[in-house]
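Novice: please find the sequence and the predicted model below.
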Amino acid sequence: MNQTFTEKEILADALTSEKGATNNFNKFANECVHNDLKNTVMEILNQEHSIQQDVFNIMHEKGYYPTPDAEERKISEAKQKFQSSASSVR
């Protein structure tokens, strides 16, 4: 059976793959003992995040991954929440 995938399906698969890759590299970096190896993994993790962002942006621009605009009130609430969380950690 010869199956043809749509552009949307291909991009969705790529996005899912990148999310999985960043998750795995993040776990590995968290448990890495050797600094040189950890630095290399962190560089790869950064590259994977960049690829993930590129795929997401393409999907968003094509309307495959619509995101609603956030309300200003909700943005302010989120900023306050995370600023107070960050302050309590210090």
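Specialist: Received, thanks. Numbering: from 1, shown residues only.

Novice: what about the helices in the chain?
Specialist: For the chain, helices defined by DSSP state H occupy the ranges 7-30, 35-61, 72-89.

Novice: reformat the ones you listed as JSON lines; add distance to residue 1.
Specialist: To be clear about C-beta, it is placed using only N, CA and C from the backbone, and glycine gets the same treatment. Output for the helices of the chain, formatted as JSON lines (distance: least, C-beta to C-beta, whole Å):
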{"stretch": "helix 7-30", "distance to residue 1": "16"}
{"stretch": "helix 35-61", "distance to residue 1": "27"}
{"stretch": "helix 72-89", "distance to residue 1": "46"}
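
Novice: can I get these in TSV with mean pLDDT and mean neighbour count?
Specialist: Output for these, formatted as TSV (pLDDT from 0 to 100; neighbours: other C-beta atoms under 10 Å):
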stretch	mean pLDDT	mean neighbour count
helix 7-30	97	14
helix 35-61	97	14
helix 72-89	84	9
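
Novice: what sits against residue 32?
Specialist: 38, 41 (C-beta atoms under 8 Å, 6 or more residues apart in numbering).

Novice: look up phi and psi at it.
Specialist: Dihedral pair for residue 32: phi -80, psi 130, per degrees, to the nearest 10.

Novice: how close does it get to residue 45?
Specialist: 11 Å (C-beta to C-beta, to the nearest Å).
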